[in-house]
Structures are given as structure tokens and as C-alpha cells.
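# Provided below for reference: sequence and predicted model.
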Amino acid sequence: MSSSTDHNEKLLQKYLDGQCTVAETEELYAWLHSSGAHRSLLAAMQREFEKTMGEHHDIPSEISDRIETRLLQDISRDKVVKIHSRTRIRWAVAAAALLLLGSGLYYMTTVSPRKTFTTSNSTVADTGDIAPGTNKAILILANGDVVTLDSAGNQVIDQGQTQVRQKNGQLEYAVQGNSDAVVYNTLTVPRGGQFNIVLPDGSHVWLNAASSMRYPTAFNGDRREVELQGQGYFEVAPNARQPFYVKVNNVEVQVLGTRFDVMAYADEKSINTTLLEGLVNVKNGTVQQKLKPGQQAIVDPASGIMVVRAADVDQVIAWKTGFFEFDNASLGDILRQLARWYDIDVSYNQTGNERLFGGRISRGLPLSDILHMLEANGPTFLLSGRKLTVTSGK
């Protein structure tokens with residue numbers, strides 16, 4: 001191996017042993033995101049991993065799980081990095097998982113047969129690439145005026161006793177005085193966008209692509225209520241005397257100061273409410289269920305049936321932290337998310353015998369990179385303008 005490769009191996013070993021300085025961690029992180037110079041090392045480590053653990057064995061979750069987040073957190077600390085793994089495993093295996101970050105993903109495997117996603121030559125039409133989504137939205141004021149919002153904008157809008165401030169990719173509401181006149185605004189996030197809003201009570205809401213929320217400019221009375229379409233992540237300001245409600249069609253989520261996610265896209269099969277912290281009560285007609293942290297209520301809009309189950313919380317909110325995360329997802333499931341985030345139209349004839357995928361991919365990648373990863377495991381695509389056609393789903 002070259003001296004630079006040997007140096008990077010030593011950095012990986014030091015990091016896994018918890019001995020890297022901040023400067024060394026920064027160097028390691030930069031290397032992981034550099035060009036394909038480390039591909040041969042990755043391939044060698046992957047072969048060593050398969051030889052040691054078996055070809056069909058997953059990369060251990062304690063290594064693949066949130067390593068990039070840990071690296072970013074460690075870089076921001078002004079002290080020696082300390083990482084404590086629950087299980088000691090060979091550093092080559094850990095390095096292989098880490099190195100996958102260089103292509104923008106933690107891991108990506110198919111359920112059957114099990115493989116690791118890698119970038120490869122692709123049949124994607126070379127007609128230009130599509131960039132990932134950005135912070136953008138449209139604010140519709142009570143009087144019908146439309147305000148365009150984006151990640152770079154800064155502006156102030158006065159609505160009676162309420163002042164609306166846009167600061168980069170966030171919208172903030174500040175009530176300047178008392179008023180019984182409450183008007184409603186609607187924040188709409190198009191495909192290819194996301195946006196964060198601070199409501200008049202101090203609650204934070206993150207809206208995913210192709211989502212909208214209707215809300216008052218001030219919360220008066222005995223309840224706080226908003227209406228959601230699409231997907232939103234909520235961090236609700238506590239106020240036991242004025243409970244918070246999220247309404248989605250016939251489903252109502254009652255909140256008492258908490259963190260939770262509601263997914264209610266019209267093209268999805270269910271309305272999912274996932275609780276991270278606190279307490280919520282999910283009601284659909286006469287059926288209601290209280291959720292504990294880590295639980296998810298799944299409502300079938302057609303039948304009204306509600307099921308409560310344990311949830312993979314990190315997977316549910318991966319979109320908010322900048323990732324796609326899949327677990328036994330069909331190609332159709334993945335393509336619906338890609339269509340919303342990259343603002344593309346998808347043509348795909350689904351079959352009853354679809355391959356299932358699992359993995360975690362950065363939402364900051366251009367579309368072609370993700371298509372390359374998918375194509376390494378069977379499907380092929382034709383991208384023309386903003387239309388993506390699945391030419392083979394096998």
C-alpha cells in the first residue's frame with residue numbers, strides 16, 4: 001500500500017480506538033468525502049470483511065449506524081475525540097463501513113439476495129443531472145397575497161399584531177400585542193423543497209417536500225390547532241392549558257408538549273404518527289390510541305383501522321436530518337420519495353414480485369448518484385429532463 005493509504009489506515013485505527021485529535025478527525029472526514037482514490041482500499045477491506053464474517057452477513061449496525069453524524073459532532077468539539085463501541089470488532093470491517101460514506105451513503109443492501117450497493121457504470125441517460133432539493137416554500141397570507149421563500153431570503157411581513165420574519169431557511173412568527181382578530185396563513189413546500197417554521201407559540205415545525213400546513217397567526221382560545229398535508233416534524237412548545245392539535249383529514253393528533261412526526265401524503269397507503277418524546281393521543285373517528293415514545297400509529301384512510309407498533313424513529317425522521325433511510329422498501333416506495341425530493345415525474349409499472357431494499361443515503365446527492373446505486377442491484381432507468389422511466393425493475 002502507498003504511504004498515504006497507510007496513513008489513512010492508521011487514522012481509521014486511531015479513530016476507532018478513540019485516540020484521534022480534532023485535527024486528525026477533520027482530516028479523516030475530508031478523506032472519506034474525497035474523490036474515488038480510496039476505492040481500491042475499500043474493495044480490499046470489503047473482501048476481508050466477507051472472508052471474516054461471511055458474504056451474506058450485514059455490516060454490524062453499531063459501526064454503520066450514524067457514523068457520519070458522530071464524525072460531525074466530534075469535529076465540532078474542542079477536545080480529543082472519544083468513541084466507545086458496544087462491541088469490539090475488527091477495524092477493517094469498521095473502516096469498510098466508514099468508507100462507504102465517500103459515495104454518500106452508509107450502506108445499501110437488497111434484502112434478497114443480499115449485496116452492498118456500490119457506484120457503477122449506469123444506463124442513466126446522459127441528459128444532465130438533477131440537483132437535490134433546497135430550502136424553499138410559498139407563504140399564502142390571509143388576504144391572498146403570495147410570498148416566495150427560499151434559503152437566501154430575509155424579509156419582514158406585518159399582519160396586524162403579528163410580525164412574520166423570514167431568516168434564511170426559516171420562518172418566524174412574533175405576536176406584538178393582544179388581538180382577538182386571528183387570521184390564517186398557509187405555508188406550502190413544493191416538490192424539491194423543505195422549510196422550517198416557528199409558530200406564534202414558539203413551536204417548531206419542519207415541513208418535508210410536497211407538504212403544506214394551515215395555521216393561525218396567533219393562538220387564542222383553549223386550543224392550538226394546525227392542519228397538515230404531506231409530512232411534518234413537530235417540536236411543540238409545552239402549554240398544558242392550551243393543548244396542541246394537528247389535523248390530517250379525519251385524523252386528529254392531540255399533543256401535550258412533545259416531539260413527533262406525521263406522514264400523510266395522499267399517494268401513501270397510510271397516515272403515520274410517530275412519537276419521539278412526550279405524549280400524543282391519535283384519534284380517528286371513535287377510535288383513539290395514546291402513544292408512548294418510540295411508538296407509531298398507522299391509520300388506513302380507507303378502512304379507518306388504526307394499528308400501533310414499535311417504530312424505527314431514526315428511520316422515520318431521516319428526512320429531517322438529511323437522509324433517505326429504507327428498511328425492506330420496494331422500488332415503488334423509494335421512487336415516491338425521490339419524486340418528491342428531486343421534483344421529478346416517475347413512470348414505473350410495478351410488479352407483484354418486487355425486490356426489497358434497505359439502506360441509508362444522503363439527500364444531498366445529485367439524482368444520478370442514487371440511480372447508480374440502485375442500478376447496481378438490478379433496476380435500470382432512463383432520465384430525460386425531469387422524467388424518470390424505470391426500464392427494468394428486476
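It's in.

# can you pull the buried residues of stretch 303-312?
306, 311 (16 or more other CB atoms under 10 Å). From N, CA and C alone the C-beta is placed, and that goes for glycine too.

# outside of that stretch, which residues touch it?
With CB atoms under 8 Å, 6 or more residues apart in numbering as the test, stretch 303-312 has contacts from 250, 274, 282, 284-285, 287, 289, 291, 294-300, 327.

# Mind giving me the packing neighbours of the helix or strand harbouring residue 296?
Here residue 296, judged by DSSP states H and E, is contained in strand 295-299. Other helices and strands packing on strand 295-299, by 3 or more CB pairs under 8 Å, 6 or more residues apart in numbering; DSSP states H and E, are strand 271-277, strand 280-284, strand 306-310.

# in stretch 164-181, what counts as buried?
So for stretch 164-181, counting by 16+ other CB under 10 Å, buried means 164, 166, 169-173, 175.

# Would you format those as CSV with pLDDT included?
Formatted as CSV, the buried residues of stretch 164-181 follow (pLDDT from 0 to 100):
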residue, pLDDT
164, 87
166, 86
169, 73
170, 85
171, 90
172, 89
173, 87
175, 75
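
# Strands - which of the residues you listed land there?
In this view, the buried residues of stretch 164-181 that belong to strands under DSSP state E are 164, 166, 170-173, 175.

# of the contacts of stretch 303-312, the lowest pLDDT goes to which?
Of all those, residue 327 carries the smallest pLDDT score, 80.

# any idea how far that residue lies from residue 228?
Applying CB to CB, to the nearest Å, the value for residue 327 to residue 228 is 24 Å.

# now residue 386
Applying CB to CB to residue 386 and residue 228 gives a distance of 26 Å.

# Neighbour count: those two, which is higher?
residue 228 (24 against 15; other CB atoms under 10 Å).

# for the more buried one, which residues make a bridge with it?
residue 213 (DSSP bridges).

# Looks like it contacts residue 249 (just checking).
No: Residue 228 lies out of contact with residue 249 (CB atoms under 8 Å); the separation is 9.4 Å.

# Which neighbours do these two have in common?
residue 264.

# Provide the secondary structure category for residue 339.
helix (DSSP: H, G, I helix; E, B strand; the rest coil).

# show me what contacts it?
By CB under 8 Å, 6+ apart, the neighbours of residue 339 are 191, 345-346, 388.

# Please apply the same query to residue 326.
Each residue near residue 326 by CB under 8 Å, 6+ apart is listed here: 315, 333-334, 357-360.

# now the helices for the stretch 201-350 of the chain?
313-316, 331-342 (DSSP state H, counting those that start in this stretch).

# If you count contacts, what does the shortest one end up packed against?
Right, helix 313-316. Using 3+ CB pairs under 8 Å, 6+ apart, helix 313-316 sits against strand 271-277, strand 323-330.

# Could you list the low-confidence segments of the chain?
Applying pLDDT under 70 to the chain flags residues 1-6, 8-9, 12-13, 15-18, 28-128, 176-180, 351-353, 393-394.

# isn't residue 193 right up against residue 138?
No: Residue 193 is beyond contact range of residue 138, at 9.1 Å (criterion: CB under 8 Å).

# Those two: who's more crowded?
residue 193 (25 against 16).
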